[in-house]
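>>> Take this sequence and fold it.
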Amino acid sequence: MITLFLSLIDKWEDWDRESIIIKTRNDYIPNVLSDFRIEKLRIKNAYKVYIGNNRQIFEYLQNDKNIIYVEPTIKFKLSYEPNDPYYSELWGLYVMYLNYAWNISKGSSNVKVCVIDTGIDIYHEDLNGNFLAGYDEVDNDNDISPPSSSEGHGTHVSGTILAIMDNNKGIVGISPNSKLLGCRALKNNGGTSDNIANCIMWCINNGARVINMSLGSSSQSLIIKEAIDSAYNKNVIVVAAAGNDGHYGIDYPAAHDKVIAVGALGKNGRKASFSNYGPELDFVAPGVDILSTVPYNNQYGKLQGTSMATPHITGTIALILSINPNLNFNDVYNILKSSSIQIGQLPRNDYYGWGIVNVYRALLNTPQPTFSNSDIKTPEIKIFGKFVRIKSEKRFEIYSINGNKIISTNNFEGFLNSGIYFLKYEGNLKKFLVP
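Residues are numbered from 1 along each chain as shown. You can find the predicted model right below:
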């Protein structure tokens, strides 16, 4: 029987997967490393040791008093910088590590994002190339263009999600290679529950994987809840704004348990004064001084609100789904949760939810699509909090969500960090979640 406590190394997603670096006292080399290839570095008494998959050696060396420090060899990358001229003003993208995340994915044209809002300037230079289709529930036609430049809310939200990258124009969205669907349900003075519910169904029926609703009310609507349930059952993820009243209590539809509720963060790293808070809040995102597309004539402008924070999470989800479109609401939620930088009281609190998402980490934590033969019976997995027990007559392997092999055995009892894991058994994969 093996009892395993995961070492620190499993938390370092940038490890090169083959070596560690040690610094020792007085040219000391522990005997346990005699079978490993060792390179002497230019730093005095520092060595690179090629350990392969032998992670247990890491913990052993941590307890050696003659070793000053031991760390994984970390891979560094150039951070991606697009040529869009206003990119430097998009402070929200920096604090969510998009310049690193784009090295992994810039989105996929197979992932459709639907914006339910005031309408969208589909001819804007930074949106037109990503637009697919739209419908206007207010006027009952296919033209979702705002009737005037004063109805710029939906255009602004859309730009944050998927404004075109590297076109030497304006800004860049979080998932610039995704495609845009739009449904106009609101005017400047708001909209009605029937139009919003109809728009949700239109988004579902037109292939959306993510729906952005930067809108809200203190009152719950049963018809909107039914539409949200339909989205959830059809694997469409709904994201909504927490509300801008600055008080306790999250607006609907964000307060629904099948919706991801987003609050606003200011440039000072604290909750924006206007952002609603409460137990239903899931995450916060930049929502103050946000530059994005506005109608008409290829204009750009700054707005603030939880409406501006919400598309940051919507775009992040679009990036996650570009890596693995098979993920459901709970899969995506747990990736966001495990990838967030927590703020305030831990592990979550009513002011910041689980915190602000590190998008780079979220994409690293997104598993590649997997397929398994349902006829193969995999070992039973028993989970008690973070303690996991798996027994089998045959050997199996456990992998973390980013593909790192944790252990190969036929008997496992140990603690795992919160997250998604995969059990590999006779060439097939079975996913399990540690809460």
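>>> could you pull out the strands for the stretch 201-350 of the chain?
For the stretch 201-350 of the chain, strands defined by DSSP state E, counting those that start in this stretch occupy the ranges 210-213, 237-241, 259-265, 283-286, 290-294, 299-303, 340-341.
>>> Output the ones you listed as JSON lines; include the columns distance to Y135.
C-betas here are computed from N, CA, C, even on glycine. Below are the strands of the stretch 201-350 of the chain laid out as JSON lines (distance: least, CB to CB, whole Å):
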{"stretch": "strand 210-213", "distance to Y135": "13"}
{"stretch": "strand 237-241", "distance to Y135": "18"}
{"stretch": "strand 259-265", "distance to Y135": "21"}
{"stretch": "strand 283-286", "distance to Y135": "27"}
{"stretch": "strand 290-294", "distance to Y135": "20"}
{"stretch": "strand 299-303", "distance to Y135": "24"}
{"stretch": "strand 340-341", "distance to Y135": "34"}
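>>> Minimum distance to N195: which of these has it?
strand 210-213 (12.0 Å; CB to CB).
>>> partner strands of that closest one, parallel or antiparallel?
Strand 210-213 has its sheet partners listed here by DSSP bridges as strand 112-117 (parallel), strand 237-241 (parallel).
>>> Longest strand of the chain, counting residues only.
For the chain, the longest strand by residue count, based on DSSP state E, is strand 387-400.
>>> Secondary structure class of the closest residue to E39 other than its chain neighbours, three-state.
Once flanking residues are discounted, E39 sits nearest to K48: 4.4 Å by CB to CB, 6 or more residues apart in numbering. With DSSP: H, G, I helix; E, B strand; the rest coil as the basis, K48 sits in strand.
>>> didn't K48 look like it was pressed against I21?
Yes - K48 lies in contact with I21 (CB atoms under 8 Å); the separation is 5.6 Å.
>>> hey, what's in contact with both of the two?
Common neighbours of K48 and I21, using CB atoms under 8 Å, 6 or more residues apart in numbering, are 41, 73.
>>> related to what we said a few turns ago, which strands or helices does the longest strand of the chain pack on?
strand 381-384, strand 405-415, strand 419-425, strand 428-434 (3 or more CB pairs under 8 Å, 6 or more residues apart in numbering; DSSP states H and E).
>>> average pLDDT for stretch 80-89?
Taken as a whole, stretch 80-89 has an average pLDDT of 92.
>>> Need the contact partners of that stretch.
Here stretch 80-89 has contacts from 93, 99-100, 102-103, 163, 165-172, 291, 300, using CB under 8 Å, 6+ apart.
>>> Just the buried ones from the residues you listed, in PyMOL syntax?
Only the buried members of the contacts of stretch 80-89 enter the following PyMOL selection, criterion being 16 or more other CB atoms under 10 Å:
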select buried, resi 93+99+100+102+163+165+169+170+171+172+291+300
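>>> In helices, which of the contacts of stretch 80-89 fall?
Within the contacts of stretch 80-89, residues falling in helices by DSSP state H are 93, 99-100.
>>> Nearest to T73 among those residues?
Using CB to CB, Y100 is the member of the ones in helices among the contacts of stretch 80-89 that sits closest to T73, with 18.2 Å.
>>> For the stretch 101-250 of the chain, give me the ranges with low pLDDT.
In the predicted model of the stretch 101-250 of the chain, no residue satisfies pLDDT under 70.
>>> if we go to 90?
Applying pLDDT under 90 to the stretch 101-250 of the chain picks out residues 103-104, 149, 188-190.
>>> For the stretch 51-200 of the chain, which segments are assigned as helices?
Secondary structure of the stretch 51-200 of the chain, counting by DSSP state H, counting those that start in this stretch: helices at 56-62, 91-95, 98-101, 153-162, 193-205.
>>> Of those, which stretch is the most buried?
Highest mean neighbour count among these (mean count of other CB atoms under 10 Å): helix 153-162, with a mean of 29.
>>> Give me the helices and strands touching it, please.
When contacts are defined as 3+ CB pairs under 8 Å, 6+ apart, helix 153-162 packs onto strand 112-117, strand 179-184, strand 290-294, strand 299-303, helix 306-323.
>>> One more pass at 10 Å, please.
strand 112-117, strand 131-136, strand 179-184, strand 210-213, strand 290-294, strand 299-303, helix 306-323 (3 or more CB pairs under 10 Å, 6 or more residues apart in numbering; DSSP states H and E).
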